[in-house]
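Visitor: model the following, please.
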Amino acid sequence: MDIVDPDVEAYLVALASTDDDPILLEMESLAKKHDFPIIGRLCGRMLEVFARTLGAKRIFEMGSGFGYSAYWFSRATGPDGEIHLTDTDTENETKALDFLQRAGLDGPIAFHASDAFGAFKGTTGEFDIVYCDIDKDAYPEAWDLAKARIRVGGLFICDNVLWSGRVTGKVSGDVREGYTEAIMNMNQAIATDDDWRSTIVPLRDGVVVAVRTS
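Guide: Predicted coordinates:
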């Protein structure tokens, strides 16, 4: 199921393609070559816009791969920010630090070569943004952990929340058992939490953006 009409998406991508940073292009080429999931140019720009609008300085990523989403966040926070990246693959750590260093965006970066939840529990204090892009069956737990550690006015952002339309019940099959149910459970929990206001942006595979109001 197309989340956005292909012609509309092509138009949006064309507008976003004016950014020709060679490091960004190299990261996108690597993802395409190895079929590695990244949030993509449109959602990446959205992350930067949200972070800049918020004046975010402290960000935690639950799931970072080789640093694509952190590239956009770092452009927003600047070198005096603090961005925590997580991935259990040390090769991704090496790639991320190399990409971000060559892009001049490694100043705020702290990479945790460990599982996202363990790294998160190892930090203290509140965050401006917690970004989630981990195994989908862990989404409800990610929300439960993150929501108490995001400051009032801060954001919880999570990718793949429309799951190629599977959340509608009109698309059959699942990548792994329980993924769709877990995504739907998290979406419902966010939407009904009285301390939060949220929306789902139907770009790419759907991104939920929730702001803590109290």
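
Visitor: state which helix of this protein is the longest.
Guide: Criterion DSSP state H: the longest helix present in the chain is helix 40-54.

Visitor: what mean pLDDT does that one have?
Guide: What helix 40-54 shows for mean pLDDT is 97.

Visitor: with stretch 204-214 instead?
Guide: Taken as a whole, stretch 204-214 has a mean pLDDT of 97.

Visitor: and what of stretch 10-30?
Guide: 92.

Visitor: sorry, back to before: elements contacting the longest helix of the chain?
Guide: For helix 40-54, the elements it packs on are helix 6-16, helix 68-77, strand 127-132, strand 150-159, strand 207-212, judged by 3 or more CB pairs under 8 Å, 6 or more residues apart in numbering; DSSP states H and E. No exception for glycine: its C-beta is placed from N, CA and C like everyone else's.

Visitor: between the ones you listed, which one is closest to Ala51.
Guide: Judged by CB to CB, the one of these that comes nearest to Ala51 is helix 68-77, at 3.5 Å.

Visitor: so which residues make contact with the helix or strand that contains Ala119?
Guide: Using DSSP states H and E, Ala119 sits within helix 116-121. Outside helix 116-121, the residues that touch it by CB atoms under 8 Å, 6 or more residues apart in numbering are 60-63, 84, 86, 112, 134, 138, 141-142, 145-146, 149.

Visitor: list the first helix or strand encountered after the helix or strand of the chain with the lowest mean pLDDT toward the C-terminus.
Guide: The helix or strand of the chain with the poorest confidence is helix 6-16; it has a mean of 92 (mean pLDDT, DSSP states H and E). Toward the C-terminal end, the helix or strand that comes next after helix 6-16 (DSSP H and E) is helix 22-34.

Visitor: count the residues that sit near Val49.
Guide: Using other CB atoms under 10 Å, Val49 has 12 neighbouring residues.

Visitor: distance check, it against Leu30.
Guide: The gap separating Val49 from Leu30 is 24 Å, by CB to CB, to the nearest Å.

Visitor: please apply the same query to Gly78.
Guide: Here Gly78 is placed at a distance of 25 Å from Leu30 (CB to CB).

Visitor: with neighbour numbers in mind, choose between the two.
Guide: Taking neighbours as other CB under 10 Å, Gly78 and Leu30 compare with Leu30 leading, 15 against 12.

Visitor: wait, that one sits on Phe66?
Guide: Yes. Under the criterion of CB atoms under 8 Å, Leu30 makes contact with Phe66 at 7.1 Å.

Visitor: quick one: common contacting residues for those two?
Guide: Phe36, Lys95.
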